[in-house]
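Here's a sequence, model it:
(one chain, ligands or ions: 1)
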Amino acid sequence: MQTQYINELLDIPELEIHQLLSIHDDEVHIEAVPLDDKQICPCCASDQAVIRKGSNGMRTVRHLSVFEKKTYLHVPAIRMFCSRCEAGFVWAYHFVGPKQRYSRLFRSHTVEQALGSTAAHSARIQKAPASTIQHIHNEAVPPLCDALYEQVWEEASESFNEENAKKLDTLLNYSPLLRSVWEWKEALHNHVHENDLRCESHSGNTR
Ligand SMILES: [Zn+2]
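Numbers count the residues shown, from 1 in each chain. Predicted coordinates for the structure are as follows:
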């Protein structure tokens, strides 16, 4: 497999595939590094005085499946240092949150699938490119609801079952508020051209 092809499959522009570590029957492990040399300092927002100071080892991040295999990305936890601010920080990846083991795309995809109640919706998700799913997610969930969504995900991921998303389904049943967020998202999907939908008008619909 050519690494450029894998790059396109993964749909993570910030990464450069370094090597395929291993391919098993149901798993593929890929080592990748950031495309950029530097990252801006979180204090002064400049990369002028920023240098790399080695690495804190590798992070393993589950991403969307490639060829129906569970896909794990191994990326370096790069230590950075800004000599102007004397601030140390760790490389921040866009595709995965700090200290998280599932990529943003994997998370939104899995939650969408677990929460998606209609066949039509599932079909739409299955056919949509990963970047579109992320886009839909970002557009559909305002920051306030997103915080709730994140919280529910964190709770679900503690008992995350690789085989299916029954736990998340159960959680959804326990959480009328989450269900209302989901229903709001569904409504937004169905009325994507209408501008009169607001989070507040739906967050009250807790069955
Ligand atoms: Zn700085």
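
can you pull out the helices in this protein?
Using DSSP state H, the helices assigned to the chain run over residues 3-10, 104-115, 119-127, 130-140, 143-158, 166-174, 176-190, 199-203.

weakest of those in terms of mean pLDDT?
By mean pLDDT, the lowest-scoring of the helices of the chain turns out to be helix 199-203, with a mean of 38.

now the end-to-end length of stretch 9-29.
Taking Cα to Cα, to the nearest Å, the span from the opening residue of stretch 9-29 to its closing residue is 14 Å.

now what about that stretch, what contacts it?
1, 3-4, 6-7, 30-36, 63-64, 66-67, 69-75, 93-95, 103, 105, 129-131 (Cβ atoms under 8 Å, 6 or more residues apart in numbering). For glycine as for every other residue, the C-beta is placed from the backbone atoms N, C-alpha and C.

Leu105 and His63 touch, don't they?
Yes - distance between Leu105 and His63: 6.6 Å, which falls inside the contact criterion (Cβ atoms under 8 Å).

And these two? Which one has more around it.
Taking Leu105 and His63 together and counting by other Cβ atoms under 10 Å, His63 has the greater number of neighbours (26 against 20).

Can you give the domain ranges for this protein?
For the chain, whose domains are defined here by automatic domain parsing, the residue ranges read 3-90, 104-203.

Which of the contacts of stretch 9-29 fall within strands?
By the criterion of DSSP state E, membership of the contacts of stretch 9-29 in strands covers 30-34, 63-64, 66, 69-75.

Pick the one among those residues closest to the ion.
Taking Cβ to the ion as the measure, the ion lies nearest Pro34 of those, at 18.4 Å.

Who are the contact partners of the closest one?
Taking Cβ under 8 Å, 6+ apart, we find Pro34 in contact with 14-16, 75, 78, 91, 93.

got any residues that touch both of Leu105 and His63?
Common neighbours of Leu105 and His63, counting by Cβ under 8 Å, 6+ apart, are Phe95.

Counting neighbours, what do you get for Gln4?
Counted with other Cβ under 10 Å, the neighbours of Gln4 add up to 10.

what's the burial count for the closest residue to Arg79 other than its chain neighbours?
Spatial nearest neighbour of Arg79, chain neighbours left out: Lys53 (4.4 Å); criterion: Cβ to Cβ, 6 or more residues apart in numbering. A count of neighbours around Lys53, defined by other Cβ under 10 Å, yields 11.

need the contact list for Lys53.
Listed by Cβ under 8 Å, 6+ apart, the contact partners of Lys53 are 79-81, 88.

Please consider this matter closed, and thank you.
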